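S.K.: could you look at this predicted model? Sequence included:
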There are 2 protein chains.
Amino acid sequence: MWTLSASHNWQYTWVLNYDSLIAYREESALDTIDNVTTYMQGIGQQAKQAAQTLANTDTNVKNNALLRIADVLLERADWLKSENARDLAAGREKGLDAAMLDRLTLSDKTIAGMAEGVRQVATLADPVGTITDLNYRPSGIQVGRMRVPLGVVGIIYESRPNVTVDAAALCLKSGNATILRGGSEAIHSNQAIAACVREGLEAAGLPASCVQVVETTDRAAVGELLRMAQYVDVIVPRGGKGLIERVSAESRIPVIKHLDGICHVYIDDQADIDKAVNVAVNAKTHRYGVCNAMETLLVAEAIAAEVLPPLAEAYTAKGVELRGCEQTRTILPACIAATEEDWATEYLAPILSIRVVPDMEAAITHINTYGSHHTDSIITENYTRARAFLREVDSSSVMVNASTRFADGFEYGFGAEIGISTDKIHARGPVGLEGLTTQKFIVLGDGHIRT
Amino acid sequence: MWTLSASHNWQYTWVLNYDSLIAYREESALDTIDNVTTYMQGIGQQAKQAAQTLANTDTNVKNNALLRIADVLLERADWLKSENARDLAAGREKGLDAAMLDRLTLSDKTIAGMAEGVRQVATLADPVGTITDLNYRPSGIQVGRMRVPLGVVGIIYESRPNVTVDAAALCLKSGNATILRGGSEAIHSNQAIAACVREGLEAAGLPASCVQVVETTDRAAVGELLRMAQYVDVIVPRGGKGLIERVSAESRIPVIKHLDGICHVYIDDQADIDKAVNVAVNAKTHRYGVCNAMETLLVAEAIAAEVLPPLAEAYTAKGVELRGCEQTRTILPACIAATEEDWATEYLAPILSIRVVPDMEAAITHINTYGSHHTDSIITENYTRARAFLREVDSSSVMVNASTRFADGFEYGFGAEIGISTDKIHARGPVGLEGLTTQKFIVLGDGHIRT
């Protein structure tokens, strides 16, 4: 990848030394990677090799590496901020908006948060090596399953530099090597974080190639990454819908992803009104820009006149714009008319579409038609309907009397998540350490042969 | 797809009727599908709709359909054979070899076997709806997982018509709709089997579109199937390596597959000689043309002179050609010299390559380098090595003191398998009913909101 020339001056303090390392890398890698294919193949080969080591690394070594990475991040906080300042300056020059600059910023608080996140991953149970369902078969062999890492995980993400260390920590704990490709606007921040991660890995006796950050901003590198099926086992894109669509369309490697979070709450006519109002308000207003926020509220006809007015009052107090079907608008005349497009829109904003439906079956049909198979909840006291809703709604999380906002790896007890999948293959719903592993079969015999 | 004209004569006996149905279909579909895209989109839409019904169908209804399908296959045996005879005649004309014609043939015995297979699938436990790990979280919500069907499974296969009903039965039991695309040489047999399956489905009150066989031999239909990601959730190719490579390269939908079965037995220097000979002979000679047969034998240096001569005697008695490394040939002078290519070859024939290695670590390196991540076994009495081999070999099945021939859905207790996967995403190893399902999260609350 890059090597230091023999004449390079190692006599600086670590801060200067880091600066010069980065400066050197920029010269030797960022600006001079003239063959992206060769460069990416090299990264892939090294990752594959590191993955073999990591798959057989003891839990305590992985935990020690995580704790060392956390330490290094805190020790290098000033340097991280100074590298980050270069990205911020470039971003301002490029005219990035305030929200993007905010996501890009590394402060003492975000650095402490990253370190704390890594420490928390160290406390999680290691899924690798767990053997389950080891049973005797009539032939006399014992057959079971052992949980093993996927191998090499490719992460493609946008401007949040904290993803670099969050994703690396989860992959490391689950025994996977990582190839990270962040946005060009965060290149200095990501390289600096990667240097800290490498230092932590090496301090724990692990190869630095367990976590590699792609050092070129050439977009061709992403294309190469998505085609290296011989080295990369799964791709996890993290970012906006545009990024995820591009990655999915182009990838020759399985992708763990969700595109949209069009989540629903259905208030059944046998709902408890207080629970209905509490949950529907929380699902929409707890946070607006998240994938598990409710975007469409469905209400049973028989209860609409009772539950919609107090709900509308709560939403209006919080500044949520309401867009309703015709029946909704007879109850809430101030409500804007919803169009067909509203049912299929993820607002990620203080906007809510509302539709009155005749019954639960109509609600389920609406959800399975317009939803994104992310998270949907029914509010009801009726046992039979609760049971049917759980079975019939085809989403990665289906809930009864709970806010869609609970669809989250932390809330589900995974400790952390690398993302949420709405696909059906491999991992579905929040993806934690287990979703970053697979199972192989093990067979124990005593000279058994097949006859 | 196809409709009967009002004037069509329904007064024949069922045999004639079936004949005329098939004849009619050939006219209306086989020969006149002029827009393959539209035709395949229609199949996809119907499959998606059928999948929604199937996902919520009770176990006893699915079992009843399976039993009815088995009955119909037996009742229609003569008709199935006569349709099959048309394929056989065409095959002879096309010059298919004896092995291919054999695979294509439907006899009373193979039809009885198909019916028995379907009945066995009816006896298997239904995985759909199973809820596991339902635990309380600190927030008060209960979070668990419910097993659900994948949705629509596309099966692409070659000349064995029994795949039509085997695959349809497994998909039906696991709640999935199926789109089957068999080889053109089996088109009449597959259509006839599909007619029996439809009759069984409808007798049990299920939509016939739960199982659809593509009625055109136009190869463009395969391309369409592999791109219908909006309708099809997973593709399972069944057949030779060429087919599977083509499908994998072209598919925009996840594929469950294995390409090669380059399986190894490693005889450790602490192996029991009797067990070693028994297992190594069984793994190679029990059946030659199967993916879980051993292709390369690895032997620890320290035990090679003791174990290779009795093994060579057993192999030679069975007519197995031996190809060995240099060290092997000093012990077995009659052995042909193995080349680098031999280590990477799946013979599927009475040929075995043999390599003497210094120790287990060298054996594992050989397996992880040349193997196909299918099935590998160590023969040893050493506890520490057995444990390390299980952990370090990166294959879908890893065994101790057992023949690689055990890598099979029946032997593992799944009752049946749709194939074996050497991929790491989703299913790995033999794929039975569970591999044809996924899990969604369910959350039970009592008005819980996120704070």
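M.R.: Sure, I can see it.
S.K.: where exactly do the helices run in the stretch 51-200 of chain A?
M.R.: Using DSSP state H, counting those that start in this stretch, the helices of the stretch 51-200 of chain A run over A:59-75, A:77-94, A:98-104, A:108-123, A:162-173, A:187-203.
S.K.: just want the angle from the second one to helix A:187-203.
M.R.: Going by axes from the mean of the first three to the mean of the last three Cα atoms, to 10 degrees, helix A:77-94 is angled at 160 degrees with respect to helix A:187-203.
S.K.: now do helix A:77-94: distance to the chain's middle.
M.R.: In terms of Cα atoms, centre = their mean, to the nearest Å, the centre of helix A:77-94 is set 25 Å apart from its chain centre.
S.K.: mind listing what's buried in it?
M.R.: By neighbour count on 16 or more other Cβ atoms under 10 Å in any protein chain shown, the buried set for helix A:77-94 is A:77, A:79-84, A:87-88, A:90-91. Where you see a C-beta, it was placed from the backbone N, CA and C, and this is true even at glycine.
S.K.: same for it, what does it pack against?
M.R.: Other elements packing on helix A:77-94 under the criterion 3 or more Cβ pairs under 8 Å, 6 or more residues apart in numbering or on different chains; DSSP states H and E are helix A:14-25, helix A:98-104, helix A:108-123, helix A:187-203.
S.K.: let's see it at 6 Å
M.R.: helix A:187-203 (3 or more Cβ pairs under 6 Å, 6 or more residues apart in numbering or on different chains; DSSP states H and E).
S.K.: now do the helix it packs on, average pLDDT.
M.R.: Helix A:187-203 shows a mean pLDDT of 96 in the predicted model.
S.K.: and that helix, what does it pack against?
M.R.: Right, helix A:187-203 is packed against helix A:59-75, helix A:77-94, helix A:162-173, strand A:211-213 by 3+ Cβ pairs under 6 Å, 6+ apart.
S.K.: now the angle from the longest one to helix A:108-123?
M.R.: So that's helix A:77-94. With the same axes, to 10 degrees as the basis, helix A:77-94 and helix A:108-123 are set at 120 degrees to each other.
S.K.: now do helix A:77-94: everything it contacts.
M.R.: Residues outside helix A:77-94 that contact it (Cβ atoms under 6 Å, 6 or more residues apart in numbering or on different chains): A:15, A:18, A:101, A:104, A:106, A:111, A:185-186, A:188-189, A:192.
S.K.: quick one: the helices in the stretch 201-350 of chain A?
M.R.: Chain-ordered helices for the stretch 201-350 of chain A, with DSSP H, counting those that start in this stretch as the definition, fall at A:220-227, A:241-250, A:273-285, A:301-317, A:326-331, A:340-343.
S.K.: go through the helices of the stretch 51-200 of chain A and pick out the most buried.
M.R.: Mean neighbour counts were taken over the helices of the stretch 51-200 of chain A using mean count of other Cβ atoms under 10 Å in any protein chain shown, and the top value, a mean of 26, falls to helix A:162-173.
S.K.: okay, the angle between that helix and helix A:187-203?
M.R.: Direction vectors for helix A:162-173 and helix A:187-203, defined by the same axes, to 10 degrees, enclose an angle of 20 degrees.
S.K.: report the rounded mean pLDDT for helix A:162-173.
M.R.: In this model, helix A:162-173 has an average pLDDT of 94.
S.K.: got a list of contacts for it?
M.R.: Outside of helix A:162-173, the residues that reach it under the criterion Cβ under 6 Å, 6+ apart are A:62, A:66, A:114, A:117-118, A:121, A:153, A:155, A:157, A:178, A:180, A:190, A:193, A:197, A:211, A:238, A:416, A:418.
S.K.: can you pull out the low-pLDDT segments for chain A?
M.R.: Confidence mapping of chain A against pLDDT under 70 gives the ranges A:1-32.
S.K.: quick one, domains of it?
M.R.: With automatic domain parsing serving as the domain definition, the record reports that chain A contains domains spanning A:33-250, A:263-411.
S.K.: end to end on the first one, go ahead and measure it.
M.R.: Spelled out, it's domain A:33-250. Separation of the first and last residues of domain A:33-250 by Cα to Cα, to the nearest Å is 23 Å.
S.K.: and what of the last one?
M.R.: Distance across domain A:263-411, first residue to last, is 17 Å (Cα to Cα).
S.K.: measure the closest residue to residue A:331 other than its chain neighbours to residue B:49 for me?
M.R.: Take residue A:331 and drop its neighbours on the chain: the residue closest to it by Cβ to Cβ, 6 or more residues apart in numbering or on different chains is residue A:308, 4.9 Å away. Distance from residue A:308 to residue B:49, counting by Cβ to Cβ, to the nearest Å: 33 Å.
S.K.: ditto for residue A:146
M.R.: Computed as Cβ to Cβ, the residue A:146 to residue B:49 distance reads 39 Å.
S.K.: what does residue A:410 give?
M.R.: Note on residue A:410: its distance to residue B:49, by Cβ to Cβ, is 37 Å.
S.K.: again with residue A:395
M.R.: Distance of residue A:395 to residue B:49, computed by Cβ to Cβ: 18 Å.
S.K.: the two: which is more packed in?
M.R.: Shown here are residue A:395 and residue B:49; by other Cβ atoms under 10 Å in any protein chain shown, residue A:395 has more neighbours (26 against 16).
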